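[1] structure, please.
(chains A, B, C and D)
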Amino acid sequence: MITITPHPFNAAEALEAFQKEARGAGAIVTFTGLVRDTASDGDVTGLHLQAYSPMTERGVEKAIAEARKRWPVTALRIIHRTGDMAPFDPIVFVAAASAHRRAAFEAADFLMDYLKTEAVFWKKELTPTGGRWIEPRAEDYSDSARWSQTDTEKA
Amino acid sequence: MITITPHPFNAAEALEAFQKEARGAGAIVTFTGLVRDTASDGDVTGLHLQAYSPMTERGVEKAIAEARKRWPVTALRIIHRTGDMAPFDPIVFVAAASAHRRAAFEAADFLMDYLKTEAVFWKKELTPTGGRWIEPRAEDYSDSARWSQTDTEKA
Amino acid sequence: MADILYFGRLSDVTGKDSEKLDIPAAITDTAALRRWLDEEKSADGAFLDKSVRLAINNEIVVDPHPVSRSDEIAFMPPVGGG
Amino acid sequence: MADILYFGRLSDVTGKDSEKLDIPAAITDTAALRRWLDEEKSADGAFLDKSVRLAINNEIVVDPHPVSRSDEIAFMPPVGGG
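    Coordinates of the predicted model:
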């Protein structure tokens, strides 16, 4: 299930609900991304996030379908904020459930790589001196490329 | 922080508390292991878990120290049940926090591999026809071996 | 009128997230639209940057792609959430 | 008296998790202890299984290791939690 929302959410509540949805699974992996209060170049006062509906939702749906094809997951959940956030607010929550842990770890990792590099969002770090649009780091792109390498190797 | 306890715990509450402890981190990865209600050979009515204090705690402390040495994590948390559990009860909760997600994913994954194959616990699946001691699967040992391979490659 | 959407750094360049624009009849494809808007907005090349993709009616297109005066046209710098 | 702890499948073999035992004076190392207990418990080799490690006073030891009559001695089949 996917939620893209301008409203604050609580990661612990999301895990509580997901655990009910995933009842019977042996393994649940979650990722929570939070607004940091510092960046490499100083203080961060907030984060502003834009999405483009329904393109954003469509892309995330496709990533979820791809994860389901690749791993025997029994439940998947993505919550992603838009709008204005303060330091320590959750930005994103990804949960994956499976019988065994490897599938849950890899599906959550894969979905986060998608969200960081391909999902249709734009992210601006607000600082005392203005702000800065954050585009994926080289590391984000190489993390994401891991999954297509696997495809090639398997082919 | 490590808790090895015969008392039930709630994974969502554990995440809530961890998020406070890890305040300022950009990434939190959690793993929750739960008692399944079925195994490959039929129904499971419960799980019985033994630990050997203080050997169990000592080993887990060492694994946490090793994770801190390998990854720039800002907080780590392990909760592990002992005693008797019912289907859907949490058995284990691992959380890792870091500035960026890769360290958090890998530290949580590493700690789970340790818990599955090296931590001093014994685990019995209870079934309608009695029970069965569960020892690590070949897959658990090969998962765990990934981390020492990395060492060798880096050496 | 076309709906023009400015995402990411382009919303800073234009000072807005979106606007309705009367695209001149002479502008018939995305390449021409980029040049026209870059000049209109004194954007100093921000609209010409190859890393900025265009979407028409919620589908990403490759330059030059025909534009119609009633399209929803989005300027999309490199994406990334999480 | 020694404290003997039986973990995992050995707690099923013996029907208990632990007991105090008066180890015969002739039993001076872990190898002899395994053989003696296997016979005492009619364990059909369960105590001799090489995958079962021994810990003395909370430290894993390698056979044959000296045992004293006041040690805490644990029989540990392959471990694994989570």
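
[2] switch to C-alpha atoms for all contacts and neighbour counts from now on
    OK.

[3] show me where pLDDT drops low in chain A?
    Residues of chain A meeting the criterion pLDDT under 70: A:149-155.

[4] which residues of it lie near chain C?
    A:33, A:49-50, A:54-55, A:80, A:91-92, A:112, A:115-124, A:133-136 (CA under 8 Å from any CA of the partner chain).

[5] where along chain A do the helices fall?
    Applying DSSP state H to chain A gives helices spanning A:11-21, A:55-70, A:101-117, A:138-154.

[6] hmm, back to that, just the ones of the residues of chain A next to chain C in strands?
    Among the residues of chain A next to chain C, the ones falling in strands (DSSP state E) are A:33, A:49-50, A:80, A:91-92, A:121-124, A:133-134.

[7] give me the subset of those touching chain B.
    For chain B, the contacts drawn from these by CA under 8 Å from any CA are A:Gly33.

[8] make a markdown table out of the ones in strands among the residues of chain A next to chain C and add neighbour count.
    Formatted as a markdown table, those follow (neighbours: other CA atoms under 10 Å in any protein chain shown):
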| residue | neighbour count |
| --- | --- |
| A:Gly33 | 26 |
| A:Leu49 | 23 |
| A:Gln50 | 22 |
| A:His80 | 25 |
| A:Ile91 | 29 |
| A:Val92 | 24 |
| A:Phe121 | 28 |
| A:Trp122 | 25 |
| A:Lys123 | 25 |
| A:Lys124 | 19 |
| A:Trp133 | 19 |
| A:Ile134 | 17 |
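
[9] now, which of the ones in strands among the residues of chain A next to chain C sits nearest chain B?
    Of all those, the one sitting nearest chain B is A:Gly33; the distance, using CA to the nearest CA, is 4.7 Å.

[10] ok, now how distant is the closest one from A:Phe9?
    Using CA to CA, to the nearest Å, A:Gly33 is found at 12 Å from A:Phe9.

[11] any shared contact partners between the two?
    Taking CA atoms under 8 Å, 6 or more residues apart in numbering or on different chains as the criterion, A:Gly33 and A:Phe9 both touch A:Pro90.

[12] in chain C, which helix has the most residues?
    Per DSSP H, chain C has its longest helix at helix C:30-40.

[13] where does the residue in chain C positioned nearest to chain B land in three-state SS?
    Among the residues of chain C, C:Gly82 lies nearest to chain B; the distance is 9.6 Å by CA to the nearest CA. Put simply, C:Gly82 is coil when judged by DSSP: H, G, I helix; E, B strand; the rest coil.

[14] am I right that it is in contact with A:Ile91?
    Yes. In terms of CA atoms under 8 Å, C:Gly82 counts as a neighbour of A:Ile91; the distance is 6.3 Å.

[15] now do the shared contacts for the two.
    A:33, A:80.

[16] just name the most buried of the helices of chain A.
    Mean neighbours per residue, mean count of other CA atoms under 10 Å in any protein chain shown, is largest over the helices of chain A for helix A:101-117, with a mean of 25.

[17] from the chain's centre, how far out does it sit?
    Centroid separation for helix A:101-117 versus its chain: 8 Å, with CA atoms, centre = their mean, to the nearest Å.

[18] what's near enough to touch A:Ala11?
    Residues near A:Ala11 by CA under 8 Å, 6+ apart: A:32, A:90, A:93, B:15-16.

[19] let me fix that: A:Ser98
    Per CA under 8 Å, 6+ apart, neighbours of A:Ser98: A:25-28, A:72-75, A:104.

[20] ok, now C:Val61?
    C:Val61 sits in contact with C:53-55, where contact means CA under 8 Å, 6+ apart.

[21] go again using 6 Å as the cut-off
    C:54-55 (CA atoms under 6 Å, 6 or more residues apart in numbering or on different chains).

[22] verify the stated contact: A:Pro90 with A:Leu34.
    Yes. A:Pro90 is within contact range of A:Leu34, at 4.3 Å (criterion: CA atoms under 6 Å).

[23] related to what we said a few turns ago, got the contact list for the residue of chain C closest to chain B?
    A:92, A:115-116.

[24] name the residues of chain C found near chain A, please.
    Residues of chain C lying close to chain A (CA under 6 Å from any CA of the partner chain) are C:8, C:58, C:79-82.

[25] between these, which has the most around it?
    The residue in those with the most neighbours, by other CA atoms under 10 Å in any protein chain shown, is C:Gly82 (31 neighbours).

[26] quick one: pLDDT of that one?
    Per-residue pLDDT puts C:Gly82 at 91.

[27] ok, C:Val61 next?
    The model's pLDDT for C:Val61 equals 97.

[28] so A:Ala97 touches A:Ala104, yeah?
    Yes. In this structure, A:Ala97 is within contact of A:Ala104 by CA under 6 Å, at 5.3 Å.

[29] what is the burial count for A:Arg77?
    21.

[30] next up, the contacts around it.
    Contact analysis of A:Arg77 by CA under 6 Å, 6+ apart lists A:1, A:94-95.

[31] what residue is smack in the middle of chain A?
    Centroid-nearest residue in chain A: A:Met112, 4.2 Å away (criterion: CA atoms, centre = their mean).

[32] from chain D, how far off is that one?
    Computed as CA to the nearest CA, to the nearest Å, the A:Met112 to chain D distance reads 24 Å.

[33] fine by me, thanks again.
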